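*Asks:* sequence below, structure please.
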Amino acid sequence: MRTGEPLPSVGDVLVSLATGLWQWDTATELVTVDAQAARLLGLPARSTILTESQARARMHPSDWNEITGVIPLAVARGTLAEVRIRVVDADGRTVRVVRSRSKPAFDRERRAYELIGTLQEVIEPAPGTSSARSAITGDWRRSREAFLLDAGRALAEARSTAEVLRVAATLSMPGFSPDGLAVFQVEGDRLTIIGHHGYQPGDDGPFAQMPLSTDYPAAEVVRTGQAVYLSAPGEYRDRYPATWPLAEPLGRRSWAFLPLTLGGQTRGAWMAAFNDRVAFTPDERAVLTTVARMLAQALTRAGDAETQRELSEGLQRSMMPSLIPEIPGMGVAARYIPTGGGLQVGGDWYDMIPLPGGVSPDTAQGGRFALVIGDVQGHDVRAAGLMGQLRIALRAYAAEGHRPDAVLSRASRFLHGITHDEQLTDLRFATCLYAEADPATGRLEVARAGHPEPVIRLADGTVVLRPAAGGLPLGVDPDGDYPTTRFTLEPGETMVLCTDGLIETGGHDMESGWRRVRAILERYGDQEAERENGLEGLADALVQGVHGPSSHHTTGPLTDRREDDIALLLLFRSGASRGLSDSPAAPARTRVRSTLLSVAQDEPERIAETRQQLRELLHDWTPADQVDAAVLLVSEMLTNVLVHTDADALLLAEIFGEHGERRLRVQVTDGGDDLPHRRRPGELASSGRGLVLIELLADAWGVEPRGEGKSIWFELHERAREQRDGVDQCGPVPD
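*Replies:* Below you'll find the model as predicted:
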């Protein structure tokens, strides 16, 4: 063609370039193609109109889905839609590969897409060649879906900002993986880098604190909310001359800056840099945009979780008290374990309160102190707030010098007052156990408000449940009464106080959970290392037993039960008996176990508790029939005191000697002056058999008058009759 001659028609140019035209209207669902486009699609070379289904049948299914996905993205970005299409025959074999370039538009009135584009045959590059890095080659489209699924799953599983950045750094995008990554975050009016990959330490220095007004691609992305694609160094230099000298030494040749947007707000920017030139076709931009959206969501989730953890841990540190560092003759250990989901501080708490004239938090002077453990109903912010208020109230009442029953009564009235409004919209209660301790004597005075009873681990590892009188949970009845129980923590013994989370975590109920906790307490101390770890090691063993790997082997019957917070308090009394904190070489006392219980005239139901306590004390006694005999005799002795006197009964049970040759001595003391006498009751008599049973079943017994009152005692010798008679007995045989 000579200068001055008219230009050839568009159709002639397209024919000479073997390029066809096609038009698609989604409203009419018709595709119009010219002769060249029809030939490229494997149809006769003439203009024709196809239905969508006919056109779709000539293309690979994945490529048709590719077209329908790229068109809306190109309309939104105002760019060309470019895809590669595999033309297939009737058997599904690929005949050729064509490139489609079009400018789609959206008709709002008809709510339909319209596009006119070109089709041109392309030659697929050989794998491994430099041209294979160009956009959308080979099976790139098929691997893209798999990549996005894997990337979405990995980012969704990241739980912290550091994990999200590690995942982003390992993303291998099909066909054009970035060689350098950086994530920018908006802090006030500045842009900061919160993480990068593919750069040397110090490379981020010039970009670490950058004003949003800076002429830099990431800053522009944050200001406008639009992505910036730079395919060549010259393009970067021309658009951002002020910051090009900072980016040039890093040696990249293409850059993509994408907004990190969530909820319509741009919170940062993501930079993907490449060592090779990248064209950033619509398909490549679609992948980068999808990854940026997933990255924004993952960073937001991780940031919210980290903020919540930081807030919760700060709340926990402020609400969980510090223990008195040193108490002469006693040791204390405590643990608080949140559920691990959502709010990290719930309604469980513990406290250690120096009482007036008692222990100073800053000194190691001996004196009385109080241990408090409780659980406010619920696992939300209100439960945590009520827990803080209730803990402060308990401290105030204790500081005023009130006894345990008065402290809990006042606390119940306080909680009832702040939770019972006129609408009764959010009623709450709390379980609590309050124990005053005297380190000098080991004397404990316990009041309980619906809380699990204390557990005593004896010096030899035997575990017994210590029954303690109690009342309703705090906040239920403002005029509730909370009776107290007094007992002594002997040298070498440990008192365990916990919330129900320690018992029920892992799908357990109170019965099965108590068996698991008891097994942990009894086993602890068998190894030398455990004895050296002492009380802190026992606290760790209890937590590990319900939260650690070993807990997976002891799941309970209620596996769908929700996990609960755990609060744990341990109180150990050191002394002559060998215990957790004493030297393993310390000699053991002759008395191996003991328990001291009181039964008042108005507490006949405690006789059943005493029987259970004695059975736990004799859990490894042989023969078993002697345990039944001891329980029967204790019932008779306590009942006689309650029926025939006006005094309370005090029971002391002690075990002496080595296993297999032990001696049980049980003594019941009361304030009555009348001594018991042996009777010969008739067959129909309802009483008078107490001393007869003692004489038949006990190895030794007696009555000791005192200045005020009396005591009656009996002894049982382990295996005594079997060894003496040389035969196994079916039951106790009188001498």
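*Asks:* what average pLDDT does stretch 407-418 get?
*Replies:* For stretch 407-418, mean pLDDT is 93.
*Asks:* next one: that stretch to chain centre, how far?
*Replies:* Relative to the chain's own centre, stretch 407-418 is displaced by 31 Å; criterion: C-alpha atoms, centre = their mean, to the nearest Å.
*Asks:* with stretch 93-108 instead?
*Replies:* Mean-position distance between stretch 93-108 and its chain equals 51 Å (C-alpha atoms, centre = their mean).
*Asks:* may I see the buried residues of it?
*Replies:* Within stretch 93-108, the residues that count as buried by 16 or more other C-beta atoms under 10 Å are 97-100, 102, 104. In short, each C-beta sits where N, CA and C put it, glycine included.
*Asks:* state the mean pLDDT of that stretch.
*Replies:* Mean predicted lDDT for stretch 93-108 stands at 87.
*Asks:* then stretch 498-509?
*Replies:* 88.
*Asks:* what of stretch 245-253?
*Replies:* According to the model, stretch 245-253 has a mean pLDDT of 89.
*Asks:* what's in contact with it?
*Replies:* With contact meaning C-beta atoms under 8 Å, 6 or more residues apart in numbering, stretch 245-253 is reached by 179-180, 199, 203, 206-207, 232-233, 236-237, 255, 273-277.
*Asks:* at 6 Å what do you get?
*Replies:* Applying C-beta atoms under 6 Å, 6 or more residues apart in numbering, the contact partners of stretch 245-253 are 206, 233, 273, 277.
*Asks:* and stretch 252-269, how far out from the chain middle?
*Replies:* Stretch 252-269 has its C-alpha centroid displaced from the chain centroid by 33 Å (C-alpha atoms, centre = their mean).
*Asks:* distance of the residue nearest to Asp509 when sequence neighbours are not counted from Gly513?
*Replies:* Nearest residue to Asp509, sequence neighbours excluded (C-beta to C-beta, 6 or more residues apart in numbering): Leu558, at 6.1 Å. Counting by C-beta to C-beta, to the nearest Å, the gap from Leu558 to Gly513 is 10 Å.
*Asks:* more neighbours: which of the two?
*Replies:* Using other C-beta atoms under 10 Å as the criterion, Leu558 and Gly513 rank with Gly513 on top: 23 against 14.
*Asks:* can you confirm Leu149 is in a helix?
*Replies:* Yes - assessed with DSSP: H, G, I helix; E, B strand; the rest coil, Leu149 lies in a helix.
*Asks:* correct me if wrong: His508 contacts Gly556.
*Replies:* Yes - using C-beta atoms under 6 Å, His508 is in contact with Gly556, at 3.2 Å.
*Asks:* more crowded one of those two?
*Replies:* For His508 versus Gly556, neighbours defined as other C-beta under 10 Å are more numerous around His508 (25 against 18).
*Asks:* neighbours of the nearest residue to Trp621 once chain neighbours are set aside, just the number please.
*Replies:* In space, Trp621 comes closest to Val627 once its chain neighbours are excluded; the distance is 5.4 Å by C-beta to C-beta, 6+ apart. Neighbours of Val627 under the rule other C-beta under 10 Å: 19.
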